[in-house]
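Undergrad: sharing a model that was predicted from the sequence below.
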Amino acid sequence: MATFGGSLITVAETHLNEMRAHGERDYPYECCGLMLGQLDGDSRKVVAGTYPISNAREEEAKRNRFLIRPEELMRGEKYAREKGLDVVGFYHSHPDDRAVPSQYDLEHAWPTYSYIVVAVAQGRAVDLRSWEMESDRSRFNEEEMTSSLVTSDKPVSQWVDG
Ligand SMILES: [Zn+2]
């Protein structure tokens, strides 16, 4: 029985599938991207789209750590604002590893954002979990995730050819 940190994230199946597909496409490397959406109170987020971005690290390090360049984050934030949304979190994949944030992830995380980790085993997305960092930066707490089949009529996810 998983224990959750009290926060809740709602992600439509469409967007979960976009993150899974991105993780499978970039395997055996880590993929990463932004989650665009809205904050609903202190501890609830609703994801309305994904924004895939490239992995800034060199080939070797791509396998086990991700990095989002500040200019990429700024571009994503601008894109989100144009859609009336915010960047509510980040997603990345763990090739042949669990859907649990690493120590590296913890050291590079920002508070209040959600972090979705997609486990990709042998090129197939097998698990997906969402996390939020404890405010004292000591650990990640798993978020409760609800998946809605209902998504907004206007597509906000941005797909770029990798
Ligand atoms: Zn990671």
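TA: It's in.

Undergrad: which residues touch Thr10?
TA: Arg44, Lys45, Val46, Val47, Met145, Thr146, Ser147, Ser148 (C-beta atoms under 8 Å, 6 or more residues apart in numbering). All C-beta atoms are positioned from the backbone trio N, CA, C, and that covers glycine.

Undergrad: dihedrals phi and psi, it?
TA: According to degrees, to the nearest 10, the main-chain angles of Thr10 amount to phi -110, psi 120.

Undergrad: mind checking how far it is from Leu128?
TA: In this view, Thr10 and Leu128 are 14 Å apart by C-beta to C-beta, to the nearest Å.

Undergrad: same deal with Ile9?
TA: Counting by C-beta to C-beta - Ile9 and Leu128 are separated by 11 Å.

Undergrad: how about Trp110?
TA: 20 Å.

Undergrad: closest point of the chain to the ion, which residue?
TA: Nearest residue of the chain to the ion: Asp105, at 4.1 Å (C-beta to the ion).

Undergrad: contact partners for Arg20?
TA: Val118, Ala125, Leu128.

Undergrad: from those residues, which is closest to Phe90?
TA: Val118 (11.6 Å; C-beta to C-beta).

Undergrad: okay, and that closest one sits in which element?
TA: Assignment of secondary structure by DSSP states H and E places Val118 within strand 114-121.

Undergrad: CA atoms only for that strand, dumped as CSV, please.
TA: Presented in CSV, the C-alpha positions along strand 114-121 are these (Å, rounded to 0.1, in the frame of the first residue of the first chain):
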residue,chain,number,x,y,z
SER,A,114,5.5,17.6,-9.8
TYR,A,115,8.0,15.1,-11.1
ILE,A,116,6.7,12.2,-13.2
VAL,A,117,9.1,9.4,-13.7
VAL,A,118,8.4,6.8,-16.5
ALA,A,119,10.2,3.5,-16.1
VAL,A,120,11.2,2.1,-19.5
ALA,A,121,12.3,-1.5,-19.5
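
Undergrad: strand partners (parallel or antiparallel) of it?
TA: Strand 114-121 has the following sheet partners, assigned by DSSP bridges: strand 86-95 (parallel), strand 124-133 (antiparallel).
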